[in-house]
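>>> make a model of this:
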Amino acid sequence: MKILITGSNGFIGKHTSLKLERLGHEVFKYDINSTEEELNQFILNADFIIHLAGINRPLTIEEFYDGNANLTKKIVDLVLKNNKNTPIIFSSSIQATLDNDYGKSKKMGEEFLLNSTLPVYVYRLANVFGKWCRPNYNSAAATFCYNIAHNLEIQIRDRNYVVHYNYIDDIVDEFIKIISLNKHDGSKEILYVNPTHDCSLGRLADLLYYFKNEIESDRHLPLIHNEFELKLFKTFCDYLSDEGYTFNFAEDSRGSFEELYKSKKYGQISDNVSFPGIVKGGHYHKYKKEIFYTVIGECEIKQRNIETNEMLVDIVNGDNPNPIDIKVGYTHSIKNIGKNNSHTIMWISEIYNPETHDTYREDVEK
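Numbering: from 1, shown residues only. Coordinates of the predicted model:
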């Protein structure tokens with residue numbers, strides 16, 4: 001499918017473009033430096049539009065309405081002018097209910113879409129957080145993550161002030177779910193991305209300080225108690241390393257594996273996602289240490305001593321935190337024995353290097 005993304009260089013735009021391209025879609029990228037001629041051509045050829053472009057830090061009040069309302073109207077008019085019925089996803093904001101210029105300009109954009117004849121999906125997003133979010137701009141979560149990771153001070157005016165959050169991956173998944181529908185009828189109702197996570201500024205700061213202290217301790221992995229803490233931890237790890245490492249992400253029919261953090265001093269942290277029934281692993285290390293910590297779902301972790309054949313079996317569940325030490329000289333595997341996808345945070349004592357990998361294949365069940 002050919003998909004136009006406006007605001008493609010923004011925080012949400014980058015994540016959405018990357019995921020769509022990974023799924024095999026052709027993405028037309030429109031951003032602030034693009035021309036009106038490019039916008040016309042993109043709209044003429046697009047099968048779907050994800051309208052993310054907007055203004056939230058203008059130099060003048062007029063820029064709010066030009067970037068949020070007028071651009072939206074222009075897109076609607078161009079689609080209709082070309083006699084197309086292109087579905088449109090629009091990223092609005094929960095501030096659309098507020099009496100400020102940002103909120104009012106977003107509300108106007110919503111009305112242009114909802115009053116058109118086009119199939120539209122208008123989403124009011126909460127405060128968005130996740131990796132690549134720009135610190136010291138308009139996200140307290142990103143600013144706190146960056147400052148705490150770099151030992152800088154943070155300012156909290158009210159520790160009890162509660163912020164509503166949407167996680168970037170949840171937003172992208174929701175958009176892709178809409179794109180994947182067999183038929184696009186649109187919705188005349190305002191839509192929201194679930195789940196929305198509520199967290200006070202004080203709690204947010206406390207969690208981030210806890211994450212940093214645990215990573216720098218002998219334990220290396222913090223205890224994760226719920227889905228929001230996992231998402232926040234994965235976000236925080238993105239701000240930790242300035243050592244120039246490349247962080248890899250891989251996915252296949254078994255699940256995915258995402259590197260979160262690398263440090264010459266503290267080792268490497270990754271997030272392993274397994275689909276139900278999937279077994280991963282089947283190797284041992286001669287000197288590397290590892291910790292497996294399943295934070296969502298239920299898994300069976302097996303370890304077999306390659307010399308004595310002693311077998312260790314642990315059933316771990318995200319509802320009852322229990323980090324498992326992977327012993328040196330034990331070939332090991334992890335199997336998702338639950339009904340849903342499992343997330344296991346993995347720490348290894350050093351960064352993976354293919355030249356000194358210390359990883360040797362051997363079936364646990366041999």
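>>> for the nearest residue to residue 285 once chain neighbours are set aside, give its distance to residue 351.
Leaving aside its chain neighbours, residue 285 sits nearest to residue 358 (5.0 Å; criterion: Cβ to Cβ, 6 or more residues apart in numbering). Any C-beta I mention is one placed from the backbone N, CA and C, and that applies to glycine too. Look at residue 358 and residue 351: by Cβ to Cβ, to the nearest Å, they are 12 Å apart.
>>> next: residue 162.
38 Å.
>>> cool, and residue 168?
Distance from residue 168 to residue 351, by Cβ to Cβ: 25 Å.
>>> who has more neighbours, these two?
Counted by other Cβ atoms under 10 Å, residue 168 and residue 351 do not tie: residue 168 has more neighbours, with 20 against 16.
>>> which residue packs closest to the more buried one, ignoring adjacent ones?
Residue 168 sits nearest to residue 130 (Cβ to Cβ, 6+ apart), 3.1 Å away.
>>> the one you found - how many residues pack around it?
24.
>>> test for you: state the pLDDT assigned to it.
Confidence at residue 130, expressed as pLDDT, is 97.
>>> again with residue 58
70.
>>> measure how buried it is and give me the count.
16.
>>> also the one 10 residues further on?
Burial of residue 68 is recorded as 27 neighbouring residues (other Cβ under 10 Å).
>>> residue contacts, it?
54, 55, 102, 105, 106, 108, 109 (Cβ atoms under 8 Å, 6 or more residues apart in numbering).
>>> OK, contacts around the fourth one?
Which is residue 105. With Cβ under 8 Å, 6+ apart, residue 105 has these contacts: 55, 64, 65, 67, 68, 69.
>>> so the third one lies in a strand, does it not?
Yep, that's residue 65 we're talking about. No. Secondary structure of residue 65 (DSSP: H, G, I helix; E, B strand; the rest coil): helix, not part of a strand.
>>> number of residues surrounding it?
Around residue 65 there are 19 other residues, counting by other Cβ under 10 Å.
>>> how far away is it from residue 78?
18 Å.
>>> got the residue ranges for the helices in this structure?
11-22, 36-45, 61-64, 71-81, 101-114, 140-149, 168-179, 201-215, 227-238 (DSSP state H).
>>> for residue 286, find the nearest of the ones you listed.
helix 201-215 (24.9 Å; Cβ to Cβ).
>>> so how far is that closest one off the chain centroid?
How far helix 201-215 lies from its chain's middle: 19 Å, per Cα atoms, centre = their mean, to the nearest Å.
>>> just stretch 58-77 next, same as before
Chain-centre distance of stretch 58-77: 28 Å, with Cα atoms, centre = their mean.
>>> could you give me the buried positions within that stretch?
By neighbour count on 16 or more other Cβ atoms under 10 Å, the buried set for stretch 58-77 is 58, 64, 65, 67, 68, 69, 70, 71, 72, 74, 75, 76.
>>> columns distance to residue 366 on top of those, output as TSV?
Output for the buried residues of stretch 58-77, formatted as TSV (distance: Cβ to Cβ, whole Å):
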residue	distance to residue 366
58	65
64	65
65	68
67	62
68	62
69	65
70	67
71	62
72	61
74	65
75	60
76	63
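>>> and those, which is the shakiest by pLDDT?
Ranking the buried residues of stretch 58-77 by pLDDT, residue 58 lands last with 70.
>>> relative to residue 330, how far out is the residue lying farthest from the centre of the chain?
Taking Cα atoms, centre = their mean as the measure, the residue most remote from the mean C-alpha position of the chain is residue 308, 42.7 Å away. Residue 308 sits at a distance of 10 Å from residue 330 (criterion: Cβ to Cβ).
>>> could you do residue 302 as well?
Using Cβ to Cβ, residue 302 is found at 9 Å from residue 330.
>>> who has more neighbours out of those two?
Neighbours were tallied for residue 302 and for residue 330 using other Cβ under 10 Å; the higher tally belongs to residue 330 (22 against 19).
>>> doesn't residue 312 make contact with that one?
Yes. At 7.1 Å, residue 330 counts as touching residue 312 under the criterion of Cβ atoms under 8 Å.
>>> mutual contacts of the two, please.
Between them, residue 330 and residue 312 share the contacting residues 303, 304, judged by Cβ under 8 Å, 6+ apart.
>>> now the strands for the stretch 251-366 of the chain?
Taking DSSP state E, counting those that start in this stretch as the test, the strands found in the stretch 251-366 of the chain are 255-263, 267-274, 279-284, 290-296, 298-305, 311-317, 324-326, 330-336, 342-348, 360-361.
>>> list the strands paired with the fifth one, with their directions.
Using DSSP bridges, strand 298-305 pairs in its sheet with strand 311-317 (antiparallel), strand 330-336 (antiparallel).
>>> from what I see, residue 58 and residue 64 are in contact.
Yes. Contact status for residue 58 versus residue 64: in contact at 5.4 Å, counting by Cβ under 8 Å.
>>> surely residue 316 meets residue 295?
No. Assessed by Cβ under 8 Å, residue 316 is found out of contact with residue 295, at 9.5 Å.
>>> which one of those two is surrounded by more residues?
The neighbour comparison of residue 316 against residue 295 (other Cβ under 10 Å) goes to residue 295, with 25 against 22.
>>> list the contacts of that one.
Contacts of residue 295 (Cβ under 8 Å, 6+ apart): 224, 229, 230, 318, 321, 343, 344, 345.
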